[in-house]
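Q: generate coordinates for the sequence data below:
(one chain, ligands or ions: 2)
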Amino acid sequence: MQKVVTIVGARPQFVKASALSRALQQVGIPEVLVHTGQHFDDNMADVFFREMEIPEPAYNLGVHSLSHGAMTGRMTEEIEKVLLAEKPSAVVVYGDTNSTLAGALAAVKLHIPVAHVEAGLRSFNLKMPEEINRILTDRISTWLFCPTETSVANLRDEGFDRFPSEIFLAGDVMYDVALHYSRLSARKSGIMKQLRLHGRPFALVTLHRQENTDDRERFIGIIGALNALSHETDIVLPLHPRTQKVLAEAGIRLNFLPIDPVGYFDMVELLKNCTFVMSDSGGVQKEAFFFRKHCLVLRDETEWTELTELGYNFIVGADQQKIVERAHEMAGLRRSFAETPYGDGKAALKIAEILQNHA
Ligand code: UD1
Ligand code: UDP
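A: Ligands and ions are numbered 1, 2, ... in the order given. Here you go, the predicted model:
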């Protein structure tokens, strides 16, 4: 492998790239990082480049805040120019955002093989933009790096064995990231002191999915539950800009003060110290488990079915009463968190070594 171009753009991709970029360096594969610009606030993007071992982007395409079609189209056009100039042996994409699909689409049309990290996940809900992005990206990728056995099974069920792609059960690079940075976070983060959280129980919440923010009934249900629970426990909610905008536009009030999005070290400290998690985020659902916390999933389904099947996470949807009731049950749970459905913490190295031996 002479050189890879990696496409990132949204917060979860910076986090994931931090593991694989390090592993690519370890095996000696040169990497050119392209930031589409999808996320652009300092606390949604730059902070991750400062804190984590991600190479400086060689290109920032500055594409953001557009409709799905416009964003994906504009990114595809700009990524194509970069690929024509850089002529990489492969393109690496992560997850399921518009940046992911644009990167895969630009590459495959130029006959450049695509490595999809976090392949095979399915919610089976085509109303989610992420579901469309991941199905299409999987179909046009050459190497499908699956995080879980379920994701491998999903691809096999869809007939991927007949396609000219290779499926690998690599493990989850987010587990690698959590293990690596959890060793550093206590020294690097000041969030517990800053928010005066020491010795105080609190629930950690994240909320940003379009299916929740853009559906008034669901949004009101979830905010209603958080407001009700805030009378009983502190709630720490690093507010995603999408959610902040919807709250302001809809004139919906929180009974407690949210905080701005935080960097990864702060997030790890919050995960380590909270009593439980409530989230509609893909990544945070798993990080709750990595830091031995139960999570109420504020969605109607999940791609990370291992954790609901093992009894760590609970799908509660957007119904106020159900969320409040399940939150009350969280305190009584005593589970081991001993299973390892996401691999051994060396997923990124496995992926880098496979890439090194191909192409
Ligand atoms: C995107 C991904 C979603 C992922 C999430 C991670 C798609 C379709 N969605 O959703 O899968 O879970 O990122 O966080 O790709 N904004 C800012 N500042 C920023 C970033 C965003 O103000 O730094 C605003 C944008 O202007 C826009 C809104 O937030 O109004 C949504 O941003 P967008 O990138 O379209 O989607 P996300 O909801 O962030
Ligand atoms: N995250 C963070 N600060 C925050 C909220 C999230 O560092 O204020 C991290 C989180 O720990 C995880 C990643 O961002 O590693 C997940 O991103 P997000 O929830 O935005 O996207 P999703 O995983 O749902 O695609």
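Q: the helix or strand in which residue 115 is found pairs with which strands?
A: Assigned by DSSP states H and E, residue 115 falls within strand 114-117. Using DSSP bridges, strand 114-117 pairs in its sheet with strand 90-94 (parallel), strand 143-146 (parallel).
Q: interface residues of the chain facing ligand 1?
A: Within the chain, the positions near ligand 1 by C-beta under 6 Å from any ligand atom are 10-12, 38-41, 44-45, 64-65, 96-98, 129-130, 208, 241-242, 245. From N, CA and C alone the C-beta is placed, and that goes for glycine too.
Q: in helices only, show me those.
A: Counted as lying in helices by DSSP state H, out of the residues of the chain next to ligand 1, are 11, 12, 98, 129, 130, 241, 242, 245.
Q: restrict the residues you listed to contacts with ligand 2.
A: The subset of those within reach of ligand 2, by C-beta under 6 Å from any ligand atom, is 11, 12.
Q: can I get the ones in helices among the residues of the chain next to ligand 1 in a markdown table including neighbour count and pLDDT?
A: As requested, these are exported to a markdown table (neighbours: other C-beta atoms under 10 Å; pLDDT from 0 to 100):
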| residue | neighbour count | pLDDT |
| --- | --- | --- |
| 11 | 23 | 98 |
| 12 | 21 | 98 |
| 98 | 28 | 98 |
| 129 | 17 | 97 |
| 130 | 21 | 98 |
| 241 | 16 | 98 |
| 242 | 15 | 98 |
| 245 | 12 | 98 |
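Q: looking at the ones in helices among the residues of the chain next to ligand 1, which is nearest residue 49?
A: Using C-beta to C-beta, residue 11 is the member of those that lies nearest residue 49, at 11.4 Å.
Q: for the nearest residue to residue 224 once chain neighbours are set aside, what are phi and psi?
A: What sits nearest to residue 224 in space, not counting adjacent residues and going by C-beta to C-beta, 6 or more residues apart in numbering, is residue 320, at 4.1 Å. Residue 320 adopts backbone torsions of phi -50, psi -50, taken as degrees, to the nearest 10.
Q: ok, residue 320 - contacts?
A: Residue 320 makes contact with 221, 222, 224, 225, 228 under the criterion C-beta atoms under 8 Å, 6 or more residues apart in numbering.
Q: how about the closest residue to ligand 1 within the stretch 101-250 of the chain, what does it touch?
A: Closest residue of the stretch 101-250 of the chain to ligand 1, C-beta to the nearest ligand atom: residue 241 (3.4 Å). Residue 241 makes contact with 41, 44, 261 under the criterion C-beta under 8 Å, 6+ apart.
Q: neighbour-wise, which of the residues you listed leads?
A: residue 261 (22 neighbours; other C-beta atoms under 10 Å).
Q: grab the nearest non-local neighbour of that residue.
A: Spatial nearest neighbour of residue 261, chain neighbours left out: residue 43 (4.4 Å); criterion: C-beta to C-beta, 6+ apart.
Q: can you check what pLDDT the model gives the one you found?
A: pLDDT for residue 43: 98.
Q: give me the distance between it and residue 212.
A: From residue 43 across to residue 212, the span is 21 Å (C-beta to C-beta, to the nearest Å).
Q: those two: who's more crowded?
A: Just comparing residue 43 and residue 212: by other C-beta under 10 Å the higher neighbour count belongs to residue 212, 21 against 17.
Q: what about the more buried one, which helix or strand?
A: Going by DSSP H and E, residue 212 is in helix 210-213.
Q: that helix near ligand 2 anywhere?
A: No. Residues of helix 210-213 are not located near ligand 2 by C-beta under 6 Å from any ligand atom, the shortest gap being 10.7 Å.
Q: packing partners of that helix?
A: helix 216-229, helix 241-250 (3 or more C-beta pairs under 8 Å, 6 or more residues apart in numbering; DSSP states H and E).
Q: run the angle between the first one and helix 241-250 for me.
A: For helix 216-229 against helix 241-250, the angle between stretch directions is 100 degrees (axes from the mean of the first three to the mean of the last three C-alpha atoms, to 10 degrees).
Q: tell me the buried residues in helix 216-229?
A: Going by neighbour count (16 or more other C-beta atoms under 10 Å), the buried part of helix 216-229 is 218, 219, 221, 222, 223, 224, 225, 226, 227, 229.
Q: after that helix comes which helix or strand?
A: strand 234-236.
Q: which strands and helices sit next to that next one?
A: strand 202-206.
Q: what's the angle between the strand it packs on and helix 216-229?
A: 160 degrees.
Q: right, is strand 202-206 up against ligand 2?
A: Yes. With C-beta under 6 Å from any ligand atom as the measure, strand 202-206 is seen reaching ligand 2 through residue 206.
Q: per-residue pLDDT, the residue lying closest to residue 139 once chain neighbours are set aside?
A: In space, residue 139 comes closest to residue 163 once its chain neighbours are excluded; the distance is 7.3 Å by C-beta to C-beta, 6+ apart. Turning to residue 163, the model gives it a pLDDT of 97.
Q: now residue 163: how far from ligand 2?
A: 25 Å (C-beta to the nearest ligand atom, to the nearest Å).
Q: before we move on, back to that, doesn't residue 260 make contact with the residue nearest to residue 261?
A: Yes. Using C-beta atoms under 8 Å, residue 43 makes contact with residue 260 at a distance of 5.5 Å.
Q: what's the host helix or strand of residue 34 packed up against?
A: In the assignment (DSSP H and E), residue 34 maps to strand 31-35. Counting contacts by 3+ C-beta pairs under 8 Å, 6+ apart, strand 31-35 packs against strand 4-8, helix 11-27, strand 59-60, helix 68-86.
Q: tell me the angle of the longest one relative to strand 90-94?
A: In this case it means helix 68-86. 150 degrees.
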